[in-house]
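*Asks:* Fold the following.
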Amino acid sequence: MFTNSFQDFLPMLKRKLTQADIYLIVANLLPVYGVWVLGWNAIEVFIVYAMETLILGVLTVLKLGIASLAGNKSNDWYAGDQKTKQPGILFIIFFIVHYGIFAAVQTSIFAESANINPPGSGLLYFFFHWYRFINKDIAIMLCGFIVSWLAKSFMPFIINREYKTASMMRLMFQPYGRIFIQQLTVLLGSMFLVFGGGKIFVLIFALVKIFVDVYINYDNILNKTMESMEKEDSKK
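*Replies:* As a prediction, this is how the structure comes out:
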């Protein structure tokens, strides 16, 4: 039983680093270097990690928009036992609302736990005013993550013309595996910040995040899930 479970897990792991993976590793190690060597504030690192969630959301909306404008016909929408064809705008609206709720909850709990919201500003202040928190150090870290995700996810999507054939449903759900990991780690990080252990947690979190972002093959997991849905639908 254990052997079968381990064999099922192996396809989820990537065995070879790509250049885009290296960019992502550097982007994740940059905050560690900043906190441990340059004296950056650990709270600012977690602000950037919270903003990374928003970056992934924006990139996904761009992907869905480009695929829709390119006339992508892989627009099957699964709802319960039914499969229908839906316009790209429906995928975009659904993703913005659904993913937006995830991001709002994550960033709001983090902002309250880390006590970074101005007094009396409200629970959702950080979510709607994230740009006001950007300073020089945060901008450097944020640029690192933007470049790394452009190289890892967005540019291959354009260069390989995936926007013409990629399933809209798969594109919409691509960032969700990472959002669950980020929600857990950012919330745990905010707890460490409360007890003054942010510097240590930045190191631990960065190493765990590198493994998760680089070695866990989210696309393969998602593809297997979608293929299973499609097979079930074909049997009906």
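*Asks:* ok, now which ones touch the residue lying closest to residue 118 once chain neighbours are set aside?
*Replies:* Excluding its sequence neighbours, the residue lying closest to residue 118 (CB to CB, 6 or more residues apart in numbering) is residue 125, at 6.9 Å. Glycine gets a C-beta too; all of them are placed from N, C-alpha and C. Residues in contact with residue 125 (CB atoms under 8 Å, 6 or more residues apart in numbering) are 111, 117-118.
*Asks:* among those, who's most crowded?
*Replies:* The residue in those with the most neighbours, by other CB atoms under 10 Å, is residue 111 (24 neighbours).
*Asks:* could you say which helix or strand contains that residue?
*Replies:* helix 88-114 (DSSP states H and E).
*Asks:* Flag every buried residue along that helix.
*Replies:* Neighbour-count burial for helix 88-114, with 16 or more other CB atoms under 10 Å as criterion, is recorded at 88, 90-92, 95, 99, 102-104, 106-111, 113-114.
*Asks:* average pLDDT for it?
*Replies:* Averaged across helix 88-114, pLDDT comes to 88.
*Asks:* swap in stretch 33-51?
*Replies:* 86.
*Asks:* now the closest residue in space to residue 111 that isn't next to it in sequence: how far from residue 108?
*Replies:* Nearest residue to residue 111 in three dimensions, chain neighbours excluded: residue 126, at 3.7 Å (CB to CB, 6+ apart). Distance of residue 126 to residue 108, given as CB to CB, to the nearest Å: 7 Å.
*Asks:* which residue ranges form the helices in the chain?
*Replies:* Residue ranges of the helices in the chain, as given by DSSP state H, are 2-9, 19-36, 42-69, 88-114, 125-128, 136-149, 155-159, 168-173, 176-194, 198-215, 218-234.
*Asks:* in the third one, what's buried?
*Replies:* Using 16+ other CB under 10 Å as the test for burial, helix 42-69 gives 42-57, 59-61, 63-64, 66-68.
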